[in-house]
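In: Fold the following for me, if possible:
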Amino acid sequence: MLEGLIFLIMGLITTACALCVVFQKNPIYSAIFLIQTMVSLAVLYVLLHAPFIAAIQVMVYAGAIMVLFIFVIMLLNLSKTDVEGDRDNLLFQKPSAIILGLVLLVMIGVVTLKTVFQGTKGEYTPESISQIGNTQLVGKLLFTKFVFPFEIASILLFAAIIGAIVLAKKQIIKDEKV
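Out: So this is what the prediction gives:
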């Protein structure tokens, strides 16, 4: 009962912080809310009996990745006018974003219905997970079944770092010309 109540409260906190990330105008405040979202997710992982995933969530995402995000935000030195941009472009982007969001929501729902609610019928039941071990199972799945998405994520992270460097160099060159 108490665990369910804590899970519900942390789920609401996670959702509220995630919404603040999206709707916050200041990029630093948005990054701070993203850190809180990551920490709240870690608490949810602990409540789901996945302490290894929770520790990785805090160390990698709330720690290292968010330090990188804040560093890039500070390096780019974004002003409020840079973040707001041209409002005319948003007229086309809003309907597209809503349609894409709904498609993504349906896809997540289909995948969830096919995998999460398998109960004891699935490949990884709570008994089999306790025999193998949570950490060993994550490692096994990450480098066998999910090796392609893992590599794609690493390439995307690498591309984001290169993009941040390119944007920072443009800013430095622009400052030198002035």
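
In: Let me know the average pLDDT across the longest helix along the chain.
Out: Across the chain, the longest stretch assigned as helix under DSSP state H is helix 147-177. Averaged across helix 147-177, pLDDT comes to 81.

In: ditto for stretch 23-37
Out: Regarding stretch 23-37, the rounded mean pLDDT is 90.

In: domains for this structure, by residue range?
Out: For the chain, the TED database gives the domain ranges 1-78, 128-172.

In: quick one: the last one to chain centroid distance?
Out: How far domain 128-172 lies from its chain's middle: 12 Å, per C-alpha atoms, centre = their mean, to the nearest Å.

In: Same question for the longest one.
Out: Between the mean C-alpha point of domain 1-78 and the mean C-alpha point of its chain there is a distance of 8 Å (C-alpha atoms, centre = their mean).

In: Which secondary structure elements does the longest helix of the chain sit against?
Out: helix 66-76 (3 or more C-beta pairs under 8 Å, 6 or more residues apart in numbering; DSSP states H and E). Yep, even glycine has a C-beta here, placed from its N, CA and C like the rest.
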